[in-house]
Each structure stands twice: as structure tokens, then as C-alpha cells.
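*Asks:* Generate a structure from the sequence data that follows.
(chains A and B)
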Amino acid sequence: MSHLHLVDGAVPFLWWILGYILTIGILMFAVTKIKKEELSKKIPFVGVISALMLITMSVPLGFLPFHLNLTVLVGILGGPWIGFVAVFIVNLILAMIGHGGITVVGLNTLVIGTEVIAGYFIFKAIIKHIKPITAAAVAVVITLLISTTLMASIVMLTNTGLEYALPHSEEVHESEHDVHDELHEHEELEEQLADIHIFVLSGWGAVIAILLTGIVLEALVTSLIIGFFMKVRPEMIIGNAELRMQN
Amino acid sequence: MDIAYIDQLANNGKGYLHKASVISKILLTVSLMVSVVVSNRLIQLLFIFLLLILLNIFNRLPLAKILHFAAYPAFFSLVFAMTRFMYSVEAGFIVILKAVDAAITMILLITTTPYPEIFSFLRLFLPKVVVDGMFFTYRIFFILLEKLQKTLVIIKLRGGFKPSNLLFNVKNLAGVIGVLFIHAFDMSERMYNIYSLRGYEGKILQENRWYKLKKLDYIPIGISIMIIAVVKIL
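*Replies:* Predicted structure coming up:
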């Protein structure tokens, strides 16, 4: 849900190049972490995970302008490194169809990849103490707060308006314009925030409402799916976590 | 997302770009993207937009549908553009056109080039796991999409979807996604077994002639040079 819906040209050259360099570095690390002997078996699995992410993103949720990412679920089921590779593939394919810019694929992968990696490790750490369904919900909430903070940091650092990076909100596009002083930019941000309306809320209230709704929805769906797995294929949740704990 | 429709256009299209090699089309895409990123004047971006429209028409692509795809980034850049309109009309249109031009450029590439050819090109830069993962994603996506669509129809027919009841929908949707995940994991196992029988050892054999230049390549290569030159002049 923390997808950076930025278009091409929105983020300065240096930042999106840095995003790509970091992402390629983590990708290389992820590939070395996937055991060599398992690699041939894992590649079809990467394809499955990526296809599932693409498909869940296209599932309508009634009147709400959200789509699910299920990144934490992907981390739990596939592990952090396979999950990260899958996130990169998904972002690249989405960029090809105009859903997010091709230049921000690196930054998008860093933000969403963080959800996969953090989600997996948080779930693994707390599943020993609480039920899997609750553990999944907690992992999703913490993970999305982390990734949202990361997203906000990227947006702030690259001088892009926060409100435009929100899920299915408006996007920011940077271009060469007059240089405004800091105070003016702050006032402009406040004005832009005031334009956001969700039901009776507006401004920062609407921003927080959007974030909270997204987090609650993602946590709810992930927990329900984990609950479903615990009924029909518990080994996919418990087995996966235990197996990786030994490694 | 219309990945299935885009795939159909890429594979069955009859335009001259469909007949050109992936190398020349990538060169054209890179030229267009660089031009979009460096352009800061309305006239430059308008030129790129008109050129893209002409390229779509000459390649017999459904212009209305392509513009519909491009409406997505246009919509998301609109409110930011509104704030720029306060400074100047040109600044506002620059924002929108940059987003639209970049999106149409990428869409032109994928509606004239089958995914496997693009993935083969990406193999030059990306790890094997990533590119092979893309191939599998491409193959599995359509199978799972059909499965999901059928399941959603069944859910709706049996009264499992109510537009106004979010909690009810989310609960049922979780079940649908859960079933889809299990089906997908089983499929990945079956797929691995089948590929192993065929001699798969962790590398998918790619189309080995994808990089060969073709007769019609002079058109995209010529356009690429022309774009850079015109944008520079403008």
C-alpha cells in the first residue's frame, strides 16, 4: 500500500539513480542468499509469487480506492530474499504499463521490498509468542508503518510533496520552476493538504485516514489469509518459519 | 490492468514497429524517455506527444485505448499540475505532458514488442533469477488471472460480493486469494517438475535471434536520432 505513485521526472536524477544502485545491490545479495542448489526450483516460485502480487493488486475492493500488495504475506510464504526479487519484477512490469514511472522502479522496490523483508523477520520473531493470525496482523501494522516512514523520508528528501505519493492519491511531478523559499514551500504543502478530502476529513486528517485505512485493510486481509492457511495448509506457515529459523 | 490485452497487441500487431527488432525499439524508447526527462519546455513535450500519437497511428495501435492507459498517470499528475497552473499555464501542462509522454512511450514499447523479447534484452543487465522469474511471471500471470476471474464470478453469483459491505467482501476475498495462493504454489511445483523433465537446470532458453537487426530497423533508429535532434533544437 506504500507504493510510490510517482510519474517519471518527479524524482531528481541523482535520487532515482541512487535508488536503482541500491536496489541492484540488494538484488545481488538476495540472489546469493537463495541457496544455489535450490535456485532452479525457486525460479518458478519467484514467478508464482510475482504473478500473485500483480493479480492481487488488480482485485477491486468495492468503493475503496485501494489495492492490496500482500507484501508481508509474500515475505512469510516465500522468504525475504525471494520476496525482494518478486517485488522488483512486479515493479518493473507495472512500470511498463504506465503504473508508476520506469525511473522510480528502484525507489519503489526499496520501499515495497522493505515490507517483504521487515514483515518476514517481524513475523518470525513474534510467532513463537502469539498466534499466527495475530502475529501476521502485528507484523503487517509494524511493517507498513516502517515502509510509510521510509516512503515519506524519500519524498521529503527528494523535495516531492507527501500527499502525492499516497496510495491512489495524487502524484507529484517535478520540473524546472522558480526556486521557492522554504516558508513558501511549507505554505504550499499546507494548501495542497487542505485540498485533500476524505468524507468529512480534510488536510492532515484525510492523509492519516488514508494511511490508517490502508494499514487496517492490509492487516485484516493478511490475517484472514493466514487464518485460511492455518486451516488448510498450516505447514506452509509454521513449516516455512521453522525451516528458515534452522538456516 | 490490461496485461492480457497488451500482450495480444504485441503478438498480433501488424505495424512496422512490430516487425522491427527489439534493439531498435529499445533505442527508440530510451531516446524518447531521455527527451521527456530533459525537456522543460512545453513545445518540446508537445512535439514528443504528437510524435507518439503518430507512431501509434502508423503502427495500427488502438489510439483510444492507448490514451485510456495514459489517462492513469495523467490523472495522478493533475492535482500537482493544478498547483503549478497558479504560477503559469505552461508549467501546469509541462507536468501533465511529462507524465503522459513517459507512459505512452513505455506503452508503445510493450504494445509492439512481446514480453519475452524485452526480457531477453534485460538478461544483459539483470541477474538470471530475475529475468527467468519474469518469464515465469509472464506465463503464470494469465493462468492465474483466468482462475481468479472465474472464482470472482462464482463468488458474485453466489452472493458473496456486496459493493457497500466492505468487511463482507474482504472476508470472502481473503478466502479467494488463499485458494489462489495454494493453487499457484501447487502449480509452481508441477511446473518445476515438467521443466525438469524437459532438461531445465535453472535457465530458460531464450529466443536466440532476438538481438538480430531487421530491415525495418532504420525507421525506429532514424526516429530516435530525429527526436534527440529536434528536442535539442526546440
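
*Asks:* ok, now which ones touch the closest residue to chain B within chain A?
*Replies:* As assessed by C-beta to the nearest C-beta, chain B sits closest to A:Gly47 within chain A, at 2.3 Å. Glycine gets a C-beta too; all of them are placed from N, C-alpha and C. A:Gly47 is in contact with B:132-140, B:188, counting by C-beta atoms under 8 Å, 6 or more residues apart in numbering or on different chains.

*Asks:* So which elements touch the biggest helix by length in chain A?
*Replies:* Taking DSSP state H as the criterion, chain A has its longest helix at helix A:204-232. Helices and strands touching helix A:204-232, as assessed by 3 or more C-beta pairs under 8 Å, 6 or more residues apart in numbering or on different chains; DSSP states H and E, comprise helix A:71-78, helix A:132-157, helix A:182-194, strand A:197-198, helix B:166-197.

*Asks:* hang on, the earlier thing: pull out the buried residues from the contacts of A:Gly47.
*Replies:* The neighbour-count test (16 or more other C-beta atoms under 10 Å in any protein chain shown) marks B:132-140, B:188 as buried among these.

*Asks:* Which ones, among the contacts of A:Gly47, also lie beside chain A?
*Replies:* For chain A, the contacts drawn from these by C-beta under 8 Å from any C-beta of the partner chain are B:132-140, B:188.

*Asks:* For B:Val230, pull up the helix or strand it's in.
*Replies:* For B:Val230, the host element (DSSP states H and E) is helix B:218-233.

*Asks:* Against which helices or strands is that helix packed?
*Replies:* Secondary elements touching helix B:218-233 (3+ C-beta pairs under 8 Å, 6+ apart): helix B:16-19, helix B:22-38, helix B:42-58.

*Asks:* Just put these in CSV and tack on mean pLDDT, mean neighbour count and distance to chain A.
*Replies:* Shown next, in CSV, are the helices and strands packed on helix B:218-233 (pLDDT from 0 to 100; neighbours: other C-beta atoms under 10 Å in any protein chain shown; distance: least, C-beta to the nearest C-beta, whole Å):
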stretch, mean pLDDT, mean neighbour count, distance to chain A
helix B:16-19, 87, 19, 15
helix B:22-38, 88, 20, 6
helix B:42-58, 91, 18, 10
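
*Asks:* Out of those helices, which gets nearest to A:Gly119?
*Replies:* Of all these, it is helix B:22-38 that lies closest to A:Gly119, at 32.7 Å by C-beta to C-beta.

*Asks:* which among the ones next to chain A among the contacts of A:Gly47 gets closest to B:Thr29?
*Replies:* Nearest to B:Thr29 among the ones next to chain A among the contacts of A:Gly47: B:Met134, at 17.1 Å, using C-beta to C-beta.

*Asks:* per-domain residue ranges of chain B.
*Replies:* B:3-121+B:210-233, B:127-197 (automatic domain parsing).

*Asks:* average model confidence for the shortest one?
*Replies:* I take that to be domain B:127-197. Mean pLDDT, domain B:127-197: 84.

*Asks:* How far away from the center of its chain is it?
*Replies:* 20 Å (C-alpha atoms, centre = their mean, to the nearest Å).

*Asks:* likewise the first one?
*Replies:* Averaged C-alpha coordinates place domain B:3-121+B:210-233 at 11 Å from its chain's average position (C-alpha atoms, centre = their mean).

*Asks:* Leaving out sequence neighbours, find the closest residue to the residue in chain B positioned nearest to chain A.
*Replies:* Per C-beta to the nearest C-beta, B:Phe136 is where chain B lies closest to chain A, at 2.3 Å. What sits nearest to B:Phe136 in space, not counting adjacent residues and going by C-beta to C-beta, 6 or more residues apart in numbering or on different chains, is A:Gly47, at 2.3 Å.

*Asks:* coming back round to it: which positions in the helix holding B:Val230 come out as buried?
*Replies:* Across helix B:218-233, burial judged by 16+ other C-beta under 10 Å covers B:219-221, B:223-224, B:227, B:231.

*Asks:* Put together JSON lines for those residues, with distance to A:Glu38 and pLDDT on each row.
*Replies:* Below are those laid out as JSON lines (distance: C-beta to C-beta, whole Å; pLDDT from 0 to 100):
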{"residue": "B:Ile219", "distance to A:Glu38": "45", "pLDDT": "84"}
{"residue": "B:Pro220", "distance to A:Glu38": "41", "pLDDT": "83"}
{"residue": "B:Ile221", "distance to A:Glu38": "43", "pLDDT": "86"}
{"residue": "B:Ile223", "distance to A:Glu38": "45", "pLDDT": "85"}
{"residue": "B:Ser224", "distance to A:Glu38": "42", "pLDDT": "85"}
{"residue": "B:Ile227", "distance to A:Glu38": "45", "pLDDT": "84"}
{"residue": "B:Val231", "distance to A:Glu38": "48", "pLDDT": "77"}
